[in-house]
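Chemist: make a model of this:
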Amino acid sequence: MTENKATGRIVTRNQRSVGALVLFIILCTIIYFNVGIFVIQPIGASPDGQTIVFWRGGEINMPFLSSADGLLLADNKQVSLLGRGIVLAAVGNAIEDKIITRLPYFKWLYLQTTGGREFVQ
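Modeler: Numbering: from 1, shown residues only. Next up, the predicted model:
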């Protein structure tokens with residue numbers, strides 16, 4: 001137990017833990033609604049693949065976690081090389097000035113976007 005100098009109240013460790021948990025939940029919610037993650041599977045143009053973290057909002061209407069193949073599956077249930085290229089170009093143009101950071105390719109994130117299915121380049 002410690003005394004809050006501003007109010008003179010006694011603050012227990014449990015109260016501090018609850019406050020930290022509430023702050024953590026608020027921070028996670030803000031990140032979930034304002035940040036997006038786009039996974040690019042290794043292909044010819046990007047042989048190592050990448051994971052892009054970007055600011056969502058405005059005209060960008062994508063899920064929190066997405067990939068070209070995942071967006072194609074959600075839209076028309078088919079993945080093709082042409083479709084993947086079109087989606088990558090469109091997403092690249094939409095998020096190019098909103099990129100926060102680029103990370104290495106994470107296969108498990110890619111699999112989350114496709115429902116566990118992996119598509120050959």
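
Chemist: any idea how far stretch 32-48 is from the chain center?
Modeler: Distance of stretch 32-48 from the chain centroid (CA atoms, centre = their mean, to the nearest Å) equals 9 Å.

Chemist: check stretch 100-115 too.
Modeler: Taking mean C-alpha positions (CA atoms, centre = their mean), stretch 100-115 and its chain are 8 Å apart.

Chemist: what do you get for stretch 80-96?
Modeler: 17 Å.

Chemist: where's the residue nearest to the spatial centre of the chain, which helix or strand?
Modeler: What sits nearest the mean C-alpha location of the chain, by CA atoms, centre = their mean, is Ile37, with 2.6 Å. Secondary structure from DSSP states H and E places Ile37 in strand 35-40.

Chemist: what pairs with that strand, parallel or antiparallel?
Modeler: Partners of strand 35-40 in the sheet, by DSSP bridges, are strand 50-55 (antiparallel), strand 65-67 (parallel).

Chemist: what's the per-residue pLDDT of the residue nearest to the centre of the chain here?
Modeler: We note a pLDDT of 95 for Ile37 in this prediction.

Chemist: next: the one 10 residues further on.
Modeler: Here the pLDDT value assigned to Pro47 is 81.

Chemist: in contact with it, which residues are there?
Modeler: Going by CB atoms under 8 Å, 6 or more residues apart in numbering, Pro47 touches no other residue. Where C-beta positions appear, they are placed from N, C-alpha and C, glycine not excepted.

Chemist: does it count as helix, strand or coil?
Modeler: coil (DSSP: H, G, I helix; E, B strand; the rest coil).

Chemist: in the protein, which spans are helices?
Modeler: Secondary structure of the chain (DSSP state H): helices located at 13-34, 68-76, 81-95, 107-113.

Chemist: can you tell me what sits against the first one?
Modeler: For helix 13-34, the surrounding residues in contact (CB under 8 Å, 6+ apart) are 1, 55-57, 64.

Chemist: picking that back up, highest mean neighbour count out of the helices of the chain?
Modeler: Ranked by mean neighbour count under mean count of other CB atoms under 10 Å, the helices of the chain are led by helix 68-76, which reaches a mean of 18.
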